[in-house]
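Asker: The sequence isn't on hand, but the structure is:
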């Protein structure tokens, strides 16, 4: 291809026009009208293309909620009053009954003789915590 020289003559150069018409665009296949689109890989196999499309439309992987790190280690009950439990988290000790919120995050759902059901209200996660000894 010859270099085009700078000139002020507005006549149409048919040879240069013909050369540019013969050029074929071989881009990456990226859709410039879709934000964040990636170039399409030119695979010869249809199965690879379907796999790529499935990966593009797959829902994002959501990590599991963090575990509830409370320890259930005892009861406190008086006749005629609701059953209360002792929970610990690190150095902190909590006393709660069914329906109470512990540490501004955990709701006590049900107290059983050997375990307690707790809900993490921030992550909508429920967990059964067994009674521990010691």
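Answerer: Happy to help now that I have it. In this text, all values refer to a predicted model and were calculated from it rather than measured experimentally.

Asker: Let's check: the centremost residue of the protein is which one?
Answerer: In the chain, the centroid-proximal residue (C-alpha atoms, centre = their mean) is residue 62; its distance is 3.7 Å.

Asker: What helix or strand is that residue located in?
Answerer: Following DSSP states H and E, one finds residue 62 outside all helices and strands.

Asker: ok, now residue 20?
Answerer: Residue 20 is part of helix 14-22, with elements assigned from DSSP H and E.

Asker: what about the strands in this protein?
Answerer: Applying DSSP state E to the chain gives strands spanning 71-76, 84-89, 92-97, 101-102, 106-111, 115-120, 125-130.

Asker: can you tell me the average pLDDT over the helix holding residue 20?
Answerer: For helix 14-22, mean pLDDT is 85.

Asker: do stretch 124-131 as well
Answerer: 91.

Asker: what's the answer for stretch 25-43, then?
Answerer: 69.

Asker: Give the burial count for residue 70, as a bare number.
Answerer: Using other C-beta atoms under 10 Å, the number of residues around residue 70 comes to 24. In this view, the C-beta of every residue, glycine as well, is placed from N, C-alpha and C.

Asker: isn't it right up against residue 87?
Answerer: Yes: taking C-beta atoms under 8 Å as the definition, residue 70 is a contact partner of residue 87 at 4.8 Å.
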